[in-house]
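Undergrad: just need the structure, nothing else, for what follows:
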Amino acid sequence: MTDYDLIVIGAGAVGENVADYAHKRGLTVAVVEAELVGGECSYWACMPSKALLRSSHAVAAAKRLGGAKEAVTGDVDAAAVLARRNSFTSNWDDASQVQWLESADIALIRGRATITGEKTIEVDGTAYTAHAIALVTGSVHTLPPVPGLAEAKPWGTREGTSAQEVPESLLVIGGGVAGSELATAWAALGATVTLAARHGLLGGMEPFAGELVADGMRELGIDVRTGVNPTRVDRDEHGLVTTTFDDGTTLVTSEVLAATGRAPGTEHLGLSSVGLTDGEWLDVDDTMLVTGTDWLYAVGDVNHRALLTHQGKYQARAAGEVIAARVQGRPVHAEPWGAHVATADHAAVPQVTFTDPEVASVGLTEEQARQQGIDVRAVEYDLGSIAGSALQADGYTGRAKMVVDESRGVVVGVTFVGQDVAEMLHAATVAVVGEVPLERLWHAVPAYPTMNEIWLRLLETYGRPE
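TA: Modelled structure (predicted):
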């Protein structure tokens, strides 16, 4: 006998989706959560960070429009922004999400789960068994090994999204997505912000993305320092933080925020009891089944395929469906793009960085495509020269790039940088996932005058086959 068909460890957005999809297919399901139901995205990541950014983006957009900028007579109200952010987290109260679990007939087990053997876990001394177990424990913030940094009690990404007051000054260490967004958010709210990035901004994206975002940060008043690395951090008795860099300079700030990486949330799960390694990322196949097992699944950040909430939810839908099919003995459709696989993880992942300008990308960069041996041709276009962009903002600055697999005649990557490009991304995602032939894209006519006219300009730059 088993207690449940499926036990999901981790009740964040991804875990909730695994549980929901499996339950809708007829499984009995429980989720285990040691913190807040709703997880990182709801309380310390996606939602609060975007709530911090949205108001300043709206004000900045108004200031770029003749006839609107004259009506903007003040700056962002920081207290109101923080209050709005708090509302999105329900003031860090998970009652409504617990209520949803109850309405969905999914059991909630409060506490920290440990795997004690095959198909068995323990929570606060009580054992539970299931036909399948899904690990959805996400990733955790890590600190770089800088002397004195840990002792200085720096902000991590959680503190960076949940702080209740605007610091007078802030050093952000790290030029990735989290560092770039949080530097933008707190600068717009009135902090004097310095961002230090060893290798530049937004590595792994098209190079012009980081360059344009750095320009936007400087316009906002952020001191962007690239090619530097902190060598020592100290917090004094007055609470001020002194950071020394490898170029010999020092900086004194009210707070320091480290946003340089994340580690798998597998440290205390008891993985060693089933032959796996505690504290490491988990390898899975496209159905999210952990390598070497027939009962253990790893979904979302914990499998290190794509550390994005929307991609984790995508994996969760596939995992919930395939777990139900296997438990019930039904056929599994695991062919590419089938119902029980998450194949988009490999080369069709969309992502938006909510800086100002925004960066919206999907698929492969030109460099990544070349590294995979694809016969690549890439074209770029000035997004600011599109009629729709000129209407969107006076002096619009932006860029677009399309990466094409010449041998197949399909788009494998797209990047947009500019104000309000986030809402343009899904069309690019459909083109990449659907492997829509370029000759067919010519018949997808963009409405005029919208920013989506960029598709026509990219195709014209690429050239139409004779």
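
Undergrad: ok, then the element right after the host helix or strand of residue 171?
TA: Using DSSP states H and E, residue 171 sits within strand 169-173. Sequence order places helix 177-188 as the next helix or strand after strand 169-173, per DSSP H and E.

Undergrad: just the C-alpha atoms of that following helix, please, in CSV.
TA: Listed next in CSV are the C-alpha coordinates belonging to helix 177-188 (Å, rounded to 0.1, in the frame of the first residue of the first chain):
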residue,chain,number,x,y,z
VAL,A,177,19.6,39.0,-15.2
ALA,A,178,18.9,39.3,-11.4
GLY,A,179,21.7,41.8,-10.8
SER,A,180,20.7,44.0,-13.7
GLU,A,181,17.0,44.0,-12.9
LEU,A,182,17.6,44.8,-9.2
ALA,A,183,20.1,47.5,-9.9
THR,A,184,17.6,49.1,-12.2
ALA,A,185,14.7,48.8,-9.7
TRP,A,186,16.5,50.3,-6.7
ALA,A,187,18.1,53.1,-8.8
ALA,A,188,14.7,54.1,-10.1
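
Undergrad: quick one: mean pLDDT for that helix?
TA: For helix 177-188, mean pLDDT is 98.

Undergrad: with stretch 126-135 instead?
TA: In this model, stretch 126-135 has a mean pLDDT of 97.

Undergrad: next, the buried residues of that stretch.
TA: 128-135 (16 or more other Cβ atoms under 10 Å). C-beta coordinates here come from the backbone N, C-alpha and C atoms, glycine included.

Undergrad: wouldn't residue 164 be in contact with residue 83 here?
TA: No: the criterion here is Cβ atoms under 8 Å, and residue 164 misses it with residue 83 at 9.7 Å.

Undergrad: and these two? Which one has more around it.
TA: Comparing residue 164 with residue 83 by other Cβ atoms under 10 Å, the one with more neighbours is residue 83, at 13 against 9.

Undergrad: mind listing what's buried in the host helix or strand of the more buried one?
TA: Assigned by DSSP H and E, residue 83 belongs to helix 78-88. Using 16+ other Cβ under 10 Å as the test for burial, helix 78-88 gives 78, 81-82, 85, 88.

Undergrad: run through the residues that contact residue 122.
TA: Residues near residue 122 by Cβ atoms under 8 Å, 6 or more residues apart in numbering: 113-114, 116, 128.

Undergrad: what pairs with it across the strands?
TA: Residues in a beta bridge with residue 122, per DSSP bridges, are residue 114, residue 127.

Undergrad: how close does it sit to residue 114?
TA: In this structure, residue 122 and residue 114 are 5 Å apart, going by Cβ to Cβ, to the nearest Å.

Undergrad: one more: residue 222?
TA: 43 Å.

Undergrad: between these two, which one's more packed in?
TA: Using other Cβ under 10 Å as the criterion, residue 222 and residue 114 rank with residue 222 on top: 23 against 17.

Undergrad: show the pLDDT at the more buried one.
TA: We have a pLDDT of 98 for residue 222.

Undergrad: cool, residue 18 as well?
TA: Per-residue pLDDT puts residue 18 at 98.

Undergrad: so how far is whichever strand or helix holds it off the chain centroid?
TA: In this assignment (DSSP H and E), residue 18 forms part of helix 13-24. Counting by Cα atoms, centre = their mean, to the nearest Å, helix 13-24 is centred 19 Å from the centre of its parent chain.

Undergrad: where does residue 224 sit: helix, strand or coil?
TA: Using DSSP: H, G, I helix; E, B strand; the rest coil, the structure places residue 224 in strand.

Undergrad: contacting residues for it?
TA: Going by Cβ under 8 Å, 6+ apart, residue 224 touches 194-195, 197, 201, 214, 217-218.

Undergrad: the helices in the stretch 251-400 of the chain, which residues?
TA: 309-328, 366-371, 387-392 (DSSP state H, counting those that start in this stretch).

Undergrad: ok, so what distance separates the residue nearest the centre of the chain from residue 437?
TA: The centre of the chain sits closest to residue 308, judged by Cα atoms, centre = their mean, with a distance of 3.7 Å. Using Cβ to Cβ, residue 308 is found at 28 Å from residue 437.

Undergrad: poorly predicted segments of the protein, please.
TA: Across the chain, the ranges flagged by pLDDT under 70 are 1, 466.

Undergrad: can you list the domains in it?
TA: 4-38+94-141+263-344, 157-260, 357-462 (automatic domain parsing).

Undergrad: circling back: now the buried members of the contacts of residue 224.
TA: 194-195, 197, 201, 214, 217.

Undergrad: redo those as CSV? Include secondary structure and distance to residue 152.
TA: Listed next are these as CSV, based on DSSP: H, G, I helix; E, B strand; the rest coil; distance: Cβ to Cβ, whole Å:
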residue, secondary structure, distance to residue 152
194, strand, 15
195, strand, 18
197, strand, 19
201, coil, 24
214, helix, 26
217, helix, 24
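
Undergrad: of the residues you listed, closest to residue 257?
TA: Nearest to residue 257, judged by Cβ to Cβ, of the buried ones among the contacts of residue 224 is residue 195 at 9.5 Å.

Undergrad: residues touching the closest one, list them.
TA: By Cβ under 8 Å, 6+ apart, the contact list for residue 195 reads 171-172, 175, 179-180, 183, 201, 217, 222-225.
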